Every structure is written in structure tokens, then in C-alpha cells.
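Novice: Based on what follows, work out the 3D shape:
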Amino acid sequence: MKINKREIERRIGRFNEVCRNSGVKLTHQRVEIFREVAQTGDHPEAERVYNGVRERMPTISLDTVYRTLWLLRDLGLINTLGPPRERTRFDANLSYHHHFVCIRCGLTRDFYSDELDELKLPESVKDFGYVETTQVEVKGVCLKCAVRGKKTKPTISRKKEVKSWARN
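Specialist: Got it, this is the predicted structure:
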């Protein structure tokens, strides 16, 4: 899923501003790594970012990509999705949104919902700590996988999983 050019330019502008204000050097590698995440709505994993940047910069290392992605996260320019034990995905869309995740192929897409943005969390959440943001992650089977496997439907709970990720 491609992001429109105007949104990419807005994200790149914010990237430049945040880096300058934080005293972080604007290297060509950092710009290209951020651009790779910012230009897609697919929430790429680090290896996919690496492969995309490598097409333009054959000498870039996977280590540089990982270190830069975590730097971008620390700067508040991208978010991470999913549990830390699984392959982390990166998202440059910092507006309030939620995610659909295919349980078969891993396809991840943004969706927007005013109702979910206003989701009231139970008081018991306070027992875990301070919540900064809330995102709903809806898991299911994407249309492409559904067509491929019409005969076998997975049995999953219809219960929505609400996960919040607090920025460290």
C-alpha cells in the first residue's frame, strides 16, 4: 500500500525537523531508511526495509537498518507494532489509527475509527501502569488468503484484542 506523495513529504519534513532539533545527524542512510518506512502503509519488518534500501544503497548493512529504526522509534518518528518476541514491524503513521493483521500471511493494514479512538479502558489497566496510547489490533484472514483457502476457515475468537503500546 503506497502513501500519497504529499503525506510522504510531510513525514520527511517532520523527520528533518525532529533530527535537527534533537541534534541527530541527517545522514543519507538515515534519510533512506526513514523514507522506506514512510512511503508504505504495509508496516514493514526490518529485513524488508533493508532489502528496499539496499536496492538504492548496495553497501548498507542490516545492522545499520536495525540501529536506525530503533533510533527513529526513540525520536518518536515511527512506532513499533506487535509483541516484542515476534518480528517487529515499523509504522511511520503517527496519527490515531488501528490495525488489521492477517493471521495467515501477516498482511498489516491501517484503519481509522472514531469509535475506537474513544475506547474507554477498564480501571484495572491502571494496575499495569500509565497508558499513553491505545490501538486496536484486529486479527483475521485477508481477502487474498481467504480466496486461496476457502475450504479451510481458521477458528479464532471474535473477541477484539486491545493492545496499548507505551513509548519508552
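Novice: The protein: helices as residue ranges?
Specialist: Secondary structure of the chain (DSSP state H): helices at 5-22, 28-38, 46-56, 62-74, 114-117, 143-148.
Novice: Could I get these in CSV, plus columns for mean neighbour count, distance to K126 and mean pLDDT?
Specialist: Just so you know, the C-beta spots here come from the backbone N, C-alpha and C atoms, and that holds for glycine as well. CSV is the format used below for those (neighbours: other CB atoms under 10 Å; distance: least, CB to CB, whole Å; pLDDT from 0 to 100):
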stretch, mean neighbour count, distance to K126, mean pLDDT
helix 5-22, 14, 31, 96
helix 28-38, 21, 33, 97
helix 46-56, 17, 33, 96
helix 62-74, 17, 25, 95
helix 114-117, 11, 20, 92
helix 143-148, 12, 38, 91
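Novice: mind checking which of those is nearest H99?
Specialist: H99 lies closest, by CB to CB, to one member of the helices of the chain: helix 114-117, at 10.7 Å.
Novice: Give me the pLDDT for the residue nearest to the spatial centre of the chain.
Specialist: Closest to where the C-alpha atoms of the chain average out (CA atoms, centre = their mean) is D91, at 2.5 Å. We have a pLDDT of 92 for D91.
Novice: how about it, what does it touch?
Specialist: Neighbouring residues of D91 by CB atoms under 8 Å, 6 or more residues apart in numbering: 37, 43, 78-81, 110.
Novice: same thing but 6 Å
Specialist: D91 makes contacts with 43, 79, 81, as judged by CB atoms under 6 Å, 6 or more residues apart in numbering.
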